[in-house]
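Trainee: let me see the structure of the following:
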Amino acid sequence: MVRHNSISGGDWRRDAAFIGISIAVIIATILILIRSGLASSRYEAPKYPLYLIISEIIYLAQLSLVGLRLSIIFNRGMGYRVGTTELIKIAAAQTFTSLLIPGFYIGGEAVSIAYLTLKGLPTTRATEGIVLRYTVDTITLTSIVLMFYMFSLAVVPYIAFIMALILLLVYIVLFIAIVSARLGRYIEGLFRFINSQVKIASNFILINASEVYGLKLSLIDYLIIFLVSIVQWVLSGLNVMMIFYAFGAHINVLTGILISSSYIVLTYISVLPGSAGIGELANLYILNSLGLGNYYLMYDVWFRVVTYIVPLIILMPAFLSISRKLTMINTNHKTPR
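Mentor: You can find the predicted model right below:
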């Protein structure tokens, strides 16, 4: 379910290869777009580098909000006691892994679920809580894009609108399944089947036969979770705005939120770490739609630095700490008695 030896042995070479391939794809895509004339080749060094530092701080601050939402879900909604600081650390490790592993955030989620299981939470509840957090974020994100479209707050890229509408419908159904406890029972059945088929799986999957699914959250709790999610997406928009400010280009926060939310909607499913390649196409499409195409090269380069390169460095200690604990428990299970 999770790569317990991610930084040890030969696996670090695979991780380094993922990063190298992603950076190569990013560079190659930018060059192809520029040489073909589809993207602007204009580039200037940042005039105000301090804004890039502020942007990075804002990016990292969003992890605190992720930890806060997880704290509400697990502590208030499920009755498990997990410290908010520890959940922020889990969010950091999960983000690092998601940046490293290709696909639909599976690597990051698996690390969080495995660690919460190690802390004593039933694997089904850990999975349910992590999925709920993503579900709330997706509903909030797609609702923001659709509100931009409905109230004509800004020009919404057409493809982003279609994707947002589809994702909203899917995740509303998933949200209902979680709240009604249907998803929890389905996940439990799936884990029981895995345990029956794969002997080693019982070392990593903890099932509580008397578990009662669903959440004990009040209406106020749900409201707070969604409000915190809204704040996170506003911060994401501020993050984009600060990157533009670094070039001396002044956009408003609504434009920043639209750029950020449209990008995430368009890159929701990726085949390379960091949405390499598809992210460059998404940024080009979004900026051209908003009349900001002249800033494409400057923005995409520093957007990648702030949201991909630097986080891989800063978030690595949190990942190594959690990965080490998972590796130790895995080793203990293999030691003969």
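Trainee: where does the stretch 101-250 of the chain dip in pLDDT?
Mentor: 102-107, 203 (pLDDT under 70).
Trainee: try 80 this time
Mentor: 101-108, 152-154, 198-204, 208-212 (pLDDT under 80).
Trainee: ranges for the helices of it?
Mentor: In the stretch 101-250 of the chain, the helices defined using DSSP state H, counting those that start in this stretch lie at 106-118, 123-150, 158-179, 182-197, 219-246.
Trainee: and of these, who's closest to residue 321?
Mentor: Residue 321 sits nearest to helix 106-118 of all those, at 9.8 Å, using C-beta to C-beta. All C-beta spots, glycine's among them, are computed from the backbone N, C-alpha and C.
Trainee: kindly export the closest one (C-alpha atoms) in PDB.
Mentor: Extracted in PDB, the C-alpha atoms of helix 106-118 (Å, rounded to 0.1, in the frame of the first residue of the first chain):
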ATOM      1  CA  ILE A 106      -2.100   8.100  -4.500                       C
ATOM      2  CA  GLY A 107       1.500   8.100  -3.100                       C
ATOM      3  CA  GLY A 108       0.800  11.000  -0.700                       C
ATOM      4  CA  GLU A 109      -2.500   9.600   0.600                       C
ATOM      5  CA  ALA A 110      -0.900   6.200   1.200                       C
ATOM      6  CA  VAL A 111       1.800   7.600   3.400                       C
ATOM      7  CA  SER A 112      -0.700   9.500   5.500                       C
ATOM      8  CA  ILE A 113      -3.000   6.500   5.900                       C
ATOM      9  CA  ALA A 114      -0.100   4.100   6.700                       C
ATOM     10  CA  TYR A 115       1.200   6.500   9.400                       C
ATOM     11  CA  LEU A 116      -2.200   7.100  10.900                       C
ATOM     12  CA  THR A 117      -2.600   3.300  11.000                       C
ATOM     13  CA  LEU A 118       0.800   3.100  12.800                       C
END
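Trainee: what angle do it and helix 123-150 make?
Mentor: Put simply, helix 106-118 runs at 140 degrees to helix 123-150, going by axes from the mean of the first three to the mean of the last three C-alpha atoms, to 10 degrees.
Trainee: got the contact list for helix 106-118?
Mentor: 1-4, 74, 82, 90-91, 93-98, 100-101, 123, 126-127, 129-131, 134, 204-206, 319, 322-323, 325-326, 329 (C-beta atoms under 8 Å, 6 or more residues apart in numbering).
Trainee: do that again at 6 Å, thanks
Mentor: 1-2, 90, 93-94, 97-98, 101, 123, 126-127, 130, 206, 322, 326, 329 (C-beta atoms under 6 Å, 6 or more residues apart in numbering).
Trainee: same question for stretch 142-155.
Mentor: Under C-beta under 6 Å, 6+ apart, the answer for stretch 142-155 is 156, 161, 164, 167-168, 233, 254, 258, 261, 265, 289.
Trainee: would you turn the helices of the stretch 101-250 of the chain into CSV with distance to residue 66 and mean neighbour count?
Mentor: What follows is the helices of the stretch 101-250 of the chain, written out as CSV (distance: least, C-beta to C-beta, whole Å; neighbours: other C-beta atoms under 10 Å):
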stretch, distance to residue 66, mean neighbour count
helix 106-118, 10, 22
helix 123-150, 7, 22
helix 158-179, 17, 17
helix 182-197, 20, 16
helix 219-246, 7, 19
